[in-house]
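S.K.: Just the structure for this:
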Amino acid sequence: MAEIDVEKLLVEKSKLIDKAIEKWLPRKYDAAALERTFGKARFKYNVDAANRAIAEPVWDLLDRGGKRWRPALLLFVCDALGGDADKLVDWAVIPELVHNGTLMVDDVEDSSELRRGKPCTYKTFGVDIAVNAGNALYYIPLRVLLEAKQPAERLQKAYEVYAREMTNLALGQAMDISWHRGLANADKISEDEYLQMCAYKTGTLARMAAKLGAVAAGADDKTIEKVGRLAESLGIAFQIQDDILNLTAAEGKGQFVKEYIGEDIHEGKRTLMVIFALGKANAVDRKRLVEILNMHTNDRKLIREAIDIIQKYGAVEYARERASELVRGAWKDCDKLFKAGSARDAIAALVKFAAERKY
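M.R.: Prediction:
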């Protein structure tokens with residue numbers, strides 16, 4: 001298999017996906033677009049309100065970039081399982097819009113400063129607009145399924161996938177929030193608890209994407225679950241690598257920009273590296289790391305001190321290897337499910353990228 005340039009591949013797919021997004025959530029609403037999405041008004045829509053409080057903040061975020069790897073994965077899985085991804089581009093909108101909705105809401109919950117190199121949505125448009133627009137992105141994508149031309153059995157499975165993964169998403173976020181607020185025995189979290197949080201917070205939308213692709217391809221339940229598990233592992237690996245990059249990389253590559261170093265320390269996040277370091281550290285270092293995390297500080301010297309403690313115990317190297325191990329194991333279970341071809345090769349490249357990426 002020839003080496004695939006994953007960044008180039010995702011940029012190409014993102015153009016197709018963004019065009020589909022505009023179909024379901026236009027850059028600028030008019031009365032007809034509002035009626036299509038929200039139904040016929042009993043009285044009268046205020047078009048300007050919809051644009052100022054939904055379309056503008058959503059597209060402000062979408063236009064900043066993002067990898068679009070979840071919708072791309074949906075299309076690759078469909079093709080690799082014998083489906084016709086060309087007829088499924090609209091379905092790819094679902095995990096991408098939900099994902100961006102979670103970013104808007106997460107940034108409020110985490111008091112984050114930057115998202116994709118610019119002020120977070122709530123910083124620009126206000127907390128109320130960011131939360132409402134983010135919530136809208138959880139449900140507007142359902143219009144895709146409501147208008148889909150698919151057999152009833154497949155649509156029923158698609159709705160079940162959506163409902164299950166959206167439910168899981170809420171628990172994953174609850175776990176993460178409680179830990180970085182110092183609740184729920186935050187300093188005694190096990191690695192398995194962390195991985196379960198990732199499986200629901202980050203892995204769930206990847207799992208949704210892959211399962212929807214498999215459902216549309218007409219795959220059986222066993223295959224749907226296996227590709228879902230592969231995608232979940234991809235999502236966890238992406239989260240682990242995001243955590244690593246947050247401590248080690250100030251700049252992204254190409255259009256994929258990371259936020260400033262140590263934002264996770266400021267937010268007090270209990271990442272896999274933190275959990276590993278707390279388990280290995282001596283009493284003095286352990287106490288100091290917990291103190292800094294609980295400060296939610298913006299002091300660069302304190303953030304650097306926390307990073308030094310984490311790196312001192314080999315936590316970055318451990319996390320990197322754990323991410324690689326997860327995706328390698330999941331790929332073995334799915335390798336023979338996919339038919340040979342460019343879609344399978346693209347999934348394999350994504351698996352490698354998730355475990356090894358540097359941006």
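S.K.: quick one: low-confidence parts of this structure?
M.R.: Low-confidence segments of the chain (pLDDT under 70): 1-2, 250-260, 358-359.
S.K.: and if we set it to 50?
M.R.: Scanning the chain for pLDDT under 50 picks out 251-259.
S.K.: Can you classify the residue of it most remote from its centre as helix, strand or coil?
M.R.: Distance to the chain centre peaks in the chain at F43, reaching 37.8 Å (criterion: C-alpha atoms, centre = their mean). What DSSP: H, G, I helix; E, B strand; the rest coil gives for F43 is coil.
S.K.: Got the phi and psi for it?
M.R.: phi -120, psi -90 (degrees, to the nearest 10).
S.K.: Spit out the contact partners of it.
M.R.: Counting by C-beta atoms under 8 Å, 6 or more residues apart in numbering, F43 touches no other residue. Quick note: C-beta positions are derived from backbone N, CA and C, even for glycine.
S.K.: K123 now?
M.R.: E113 are the contacts of K123 under C-beta under 8 Å, 6+ apart.
S.K.: Give me the distance between it and M104.
M.R.: Going from K123 to M104 by C-beta to C-beta, to the nearest Å gives 11 Å.
S.K.: likewise V77?
M.R.: Taken as C-beta to C-beta, the span from V77 to M104 is 26 Å.
S.K.: For R357, give me its contacts.
M.R.: With C-beta under 8 Å, 6+ apart, R357 has these contacts: 238, 241.
S.K.: How many residues are close by the residue nearest to G203 when sequence neighbours are not counted?
M.R.: Of all residues not flanking G203 in the chain, G235 sits nearest, at 3.4 Å (C-beta to C-beta, 6 or more residues apart in numbering). Around G235 there are 29 other residues, counting by other C-beta atoms under 10 Å.
S.K.: check which helix or strand covers G235.
M.R.: Using DSSP states H and E, G235 maps to helix 221-248.
S.K.: So for that helix, what gets flagged as buried?
M.R.: 223-224, 226-241, 243-247 (16 or more other C-beta atoms under 10 Å).
S.K.: Next: stretch 276-289.
M.R.: Buried residues in stretch 276-289, defined by neighbour count with 16+ other C-beta under 10 Å: 276-278, 281, 285-286, 288-289.
S.K.: Stretch 127-138 too?
M.R.: 129-134, 136-138.
S.K.: For the stretch 201-350 of the chain, which segments are assigned as helices?
M.R.: Assigned by DSSP state H, counting those that start in this stretch, the stretch 201-350 of the chain shows helices spanning 203-216, 221-248, 263-267, 272-280, 283-295, 300-312, 315-334, 342-356.
S.K.: Pull the distance from the fourth one to the chain's centre.
M.R.: Relative to its chain's centre, helix 272-280 lies at 23 Å (C-alpha atoms, centre = their mean, to the nearest Å).
S.K.: can you state the direction angle for it and helix 221-248?
M.R.: 70 degrees (axes from the mean of the first three to the mean of the last three C-alpha atoms, to 10 degrees).
S.K.: elements contacting helix 272-280?
M.R.: helix 191-201, helix 221-248, helix 283-295, helix 300-312, helix 315-334 (3 or more C-beta pairs under 8 Å, 6 or more residues apart in numbering; DSSP states H and E).
S.K.: related to what we said a few turns ago, turn the buried residues of stretch 276-289 into a markdown table, columns for distance to Y29.
M.R.: Below are these laid out as a markdown table (distance: C-beta to C-beta, whole Å):
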| residue | distance to Y29 |
| --- | --- |
| F276 | 48 |
| A277 | 48 |
| L278 | 49 |
| A281 | 53 |
| D285 | 54 |
| R286 | 53 |
| R288 | 52 |
| L289 | 48 |
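S.K.: Which members of these are the farthest-apart pair?
M.R.: Maximum pairwise distance in the buried residues of stretch 276-289, criterion C-beta to C-beta, is 16.1 Å, between F276 and R288.
S.K.: if we can go back for a sec, more neighbours: which of V77 and M104?
M.R.: Set V77 next to M104 and count neighbours by other C-beta under 10 Å: V77 wins out with 35 against 25.
S.K.: Leaving out the residues flanking it, which one is nearest to that one?
M.R.: G213 is the one closest to V77 (C-beta to C-beta, 6+ apart), at 3.4 Å.
S.K.: Now the phi/psi pair for R115, please.
M.R.: Per degrees, to the nearest 10, the backbone of R115 is at phi -140, psi 120.
S.K.: Leaving out sequence neighbours, find the closest residue to it.
M.R.: D107 (5.7 Å).
S.K.: Tell me the secondary structure of that neighbour, please.
M.R.: Criterion first, three-state DSSP; result for D107: helix.
S.K.: List the contacts of R304.
M.R.: If you count contacts by C-beta under 8 Å, 6+ apart, then R304 has G262 around it.
S.K.: Quick check: the gap between it and T297.
M.R.: In terms of C-beta to C-beta, R304 sits 11 Å off from T297.
S.K.: Next step: the buried residues of stretch 127-138 restricted to helices.
M.R.: 129-134, 136-138 (DSSP state H).
S.K.: Looking at the buried residues of stretch 127-138, which is nearest D176?
M.R.: Distances from D176 to these, taken by C-beta to C-beta, are shortest for G134, at 15.9 Å.
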